[in-house]
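Chemist: here are the coordinates; sequence isn't available:
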């Protein structure tokens with residue numbers, strides 16, 4: 001891939017990540033709670049401490065493990081200029097979706113992310129290669145972020161950290177509206193999540209590529225229950 005990707009300096013890489021993972025990037029992240037809405041309805045999450053614990057558990061055992069593996073697999077496939085590996089990684093990420101709403105959340109955001117990336121990015125050999133390799137395949141959101149980062153030569157570790165921070169911030173914001181909590185409580189949560197987010201990124205880089213697993217059945221159950229929740233603010 002070295003022939004069609006030019007290494008990006010730190011400042012430009014940071015700007016890319018801040019742009020892609022900003023709430024202003026049109027993927028609709030604000031409309032998803034990742035099952036948190038049911039957890040609040042059921043009383044599992046109801047204050048600052050329980051909201052922080054819910055997000056930390058996700059970082060350690062759910063989206064922090066599986067989502068990171070999806071992002072990394074697609075990043076490495078693009079970096080290696082391996083179209084077959086990229087298609088396999090994208091297909092595996094789709095297969096990892098445990099519930100209908102988690103699939104909706106991830107695939108809808110992935111589609112919107114790549115559509116925006118295609119529409120606003122200057123033409124490049126790397127972008128053209130990616131679009132041809134995927135040929136319209138549905139792409140999970142973490143996979144899409146990994147693909148974009150590799151195309152633009154944004155470092156993998158920084159991409160993982162930024163992706164986790166954005167995901168955690170979105171859950172925190174959903175929790176503030178659902179519980180409800182004040183903005184200061186939300187920022188206390190984000191300060192406390194710095195170490196877990198950095199640890200999740202380190203773990204994602206340290207584990208073998210095929211060593212992927214999750215141990216968060218409550219998150220899956222929350223997503224399933226949310227499908228039939230009577231009153232809902234969020235799509236998941």
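Modeler: Received, thanks. Quick caveat: nothing in here was measured; it's all calculated off a predicted structure. Numbering: from 1, shown residues only.

Chemist: Would you mind identifying the next helix or strand past the longest helix along the chain?
Modeler: Longest helix of the chain, by residue count under DSSP state H: helix 156-178. Sequence-wise, the next helix or strand downstream of helix 156-178 (DSSP states H and E) is helix 183-192.

Chemist: tell me how far that next one is from the chain's mean position?
Modeler: 20 Å (C-alpha atoms, centre = their mean, to the nearest Å).

Chemist: How about stretch 181-191?
Modeler: That offset, for stretch 181-191, works out to 21 Å (C-alpha atoms, centre = their mean).

Chemist: Next, work out how far apart residue 216 and residue 63 are.
Modeler: Residue 216 sits 8 Å away from residue 63, going by C-beta to C-beta, to the nearest Å. Bear in mind the C-beta positions are built from the backbone N, C-alpha and C, glycine included.

Chemist: The two: who's more crowded?
Modeler: Comparing residue 216 with residue 63 by other C-beta atoms under 10 Å, the one with more neighbours is residue 63, at 26 against 19.

Chemist: rewinding a little: which strands and helices lie in contact with the longest helix of the chain?
Modeler: The helices and strands touching helix 156-178, judged by 3 or more C-beta pairs under 8 Å, 6 or more residues apart in numbering; DSSP states H and E, are helix 10-20, helix 36-41, helix 48-61, helix 68-79, helix 141-151, helix 183-192, helix 194-206.

Chemist: pLDDT value on residue 122, please?
Modeler: The per-residue pLDDT reported for residue 122 equals 89.

Chemist: Burial check on it, number of neighbours?
Modeler: 5.

Chemist: Would you list the phi and psi of it?
Modeler: phi -60, psi 150 (degrees, to the nearest 10).

Chemist: residues in contact with the residue most central in space within the chain?
Modeler: Centroid-nearest residue in the chain: residue 142, 4.1 Å away (criterion: C-alpha atoms, centre = their mean). For residue 142, the contacting residues are 63, 67-68, 70-71, 74, 93, 106, 110, 163, by C-beta atoms under 8 Å, 6 or more residues apart in numbering.

Chemist: Put together JSON lines for those residues, with distance to residue 179 and pLDDT on each row.
Modeler: Output for the contacts of residue 142, formatted as JSON lines (distance: C-beta to C-beta, whole Å; pLDDT from 0 to 100):
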{"residue": "63", "distance to residue 179": "20", "pLDDT": "88"}
{"residue": "67", "distance to residue 179": "24", "pLDDT": "92"}
{"residue": "68", "distance to residue 179": "27", "pLDDT": "94"}
{"residue": "70", "distance to residue 179": "29", "pLDDT": "94"}
{"residue": "71", "distance to residue 179": "29", "pLDDT": "97"}
{"residue": "74", "distance to residue 179": "34", "pLDDT": "97"}
{"residue": "93", "distance to residue 179": "31", "pLDDT": "94"}
{"residue": "106", "distance to residue 179": "24", "pLDDT": "97"}
{"residue": "110", "distance to residue 179": "28", "pLDDT": "97"}
{"residue": "163", "distance to residue 179": "25", "pLDDT": "98"}
